[in-house]
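next one to model:
(one chain, ligands or ions: 2)
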Amino acid sequence: MFSAGSFKALVLKKTFNFQAQFFSNCPPKKLRMEGNLNCCNRGNKKGSRGALVVLEGLDRSGKSSQCRRLVNYLEGQGISAELWRFPDRNTDVGKLISAYLTNTSQLDDHTIHLLFSANRWEKRSLMETKLKSGTTLIVDRYSYSGVAFSSAKGLDIEWCKAPEVGLLAPDLVAYLDISPEKASERGGYGGERYEMLEFQKKVAESYKALHDVSWKFVDACQPIEDVEKQLQEIVHNCVMECRKGKQPLSPLWSN
Ligand code: Z5A
Ligand code: MG
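Residues are numbered from 1 along each chain as shown. Ligands and ions are numbered 1, 2, ... in the order given. Below is the predicted model of the structure:
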């Protein structure tokens with residue numbers, strides 16, 4: 001049997017040995033710069049981080065297909081990347097959203113707008129941690145979907161943007177450009193709320209009011225492999241820029 005004193009000494013010794021072994025694998029320069037986050041792994045420049053890349057576009061423009069392909073591509077290049085999507089239907093808030101989208105619950109337009117936004121806020125700090133640790137996030141829909149869909153219902157666009165202010169601003173928004181008519185010809189249209197041609201036309205108009213310098217437009221009517229190639233190039237460039245450490249994370253829509 002151990003006494004309390006000898007047990008404590010053993011724990012301290014084991015902890016010290018582990019730390020000595022762990023830190024001896026890390027160059028001291030990296031240790032200083034990256035604190036406790038992934039010290040042995042990622043870029044070694046001050047401020048080096050992963051990229052926040054968002055894919056937006058009308059329903060059936062190909063966002064989910066391309067997000068999956070992008071993450072596979074980046075991982076194949078040895079770049080740490082994760083696929084995220086909004087709404088995230090796994091959280092409690094996400095479950096309320098999912099019930100609304102599948103028409104099993106009814107909510108006031110303002111209420112559902114704020115829930116979509118809350119669903120992003122509950123993920124914000126994890127998002128920041130991942131990006132700072134060097135992981136690139138490929139995000140399937142973000143605040144732009146929130147504002148485009150709610151303002152297409154007639155809500156004031158500035159009111160719609162307000163709860164999104166202060167979320168992380170993407171480094172790149174890749175907009176998969178397709179007409180509502182063409183998108184509606186693709187499989188699976190019509191299952192959920194919002195999947196109606198007339199409404200999608202309004203969403204397309206709303207998206208137009210939102211683009212800024214972080215947006216790149218990609219013709220989503222091209223064959224899927226051509227869209228994929230174009231996205232690979234612009235996303236790869238963005239990841240390399242973020243690795244250089246010259247672009248700190250910034251808040252969305254705050255000026
Ligand atoms: N919403 C909101 O109101 N507020 C918010 O804040 C947020 C969202 C975040 C759920 O979205 C709904 O929530 C959405 C907006 C609203 N409105 N609706 N409806 P979702 O993301 O869960 O929706 P989804 O079910 O994933 O569908 P989607 O996103 O509209 O589809 P997509 O991801 O853009 O497309 P895909 O699944 O990749 O492809 C669709 C089909 O087209 C499929 O058969 C593909 O094989 C095919 N495809 C893809 N690319 C091509 C090309 N290039 N050529 C030919 N065929 C192609
Ligand atoms: Mg999708």
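
can you pull out the strands in the chain?
Taking DSSP state E as the criterion, the chain carries its strands at 52-57, 81-85, 136-140, 172-177, 215-219.

can the fourth one be said to contact ligand 2?
No: applying CB under 5 Å from the ion, one finds strand 172-177 separated from ligand 2 by no less than 10.3 Å. C-beta: built from backbone N, CA, C; applies to glycine.

and that strand, what does it pack onto?
If you count contacts as 3 or more CB pairs under 8 Å, 6 or more residues apart in numbering; DSSP states H and E, strand 172-177 packs onto strand 52-57, helix 63-76, strand 215-219, helix 224-244.

direction included, what does it pair up with?
Paired neighbours of strand 172-177 in the sheet (DSSP bridges): strand 52-57 (parallel), strand 215-219 (parallel).

looking at the ones you listed, which is nearest to residue 96?
Nearest to residue 96, of all those, is strand 52-57, at 22.8 Å by CB to CB.

residues of the protein that sit close to ligand 1?
For the chain, the residues in contact with ligand 1 (CB under 6 Å from any ligand atom) are 57, 59-65, 86-87, 101, 116, 141, 145-146, 149, 186-188, 192, 194-195, 220, 223-224, 227.

ok, of those residues, which come out buried?
Among the residues of the chain next to ligand 1, those scoring as buried are 57, 59-63, 65, 86-87, 101, 116, 141, 145-146, 149, 195, 220, 227 (criterion: 16 or more other CB atoms under 10 Å).

circling back to that earlier point, with mean pLDDT added, can I get the strands of the chain in CSV?
Shown next, in CSV, are the strands of the chain (pLDDT from 0 to 100):
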stretch, mean pLDDT
strand 52-57, 98
strand 81-85, 98
strand 136-140, 99
strand 172-177, 98
strand 215-219, 98
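
out of the buried ones among the residues of the chain next to ligand 1, who's near ligand 2?
Near ligand 2, by the rule CB under 5 Å from the ion, you find residue 63 out of those.
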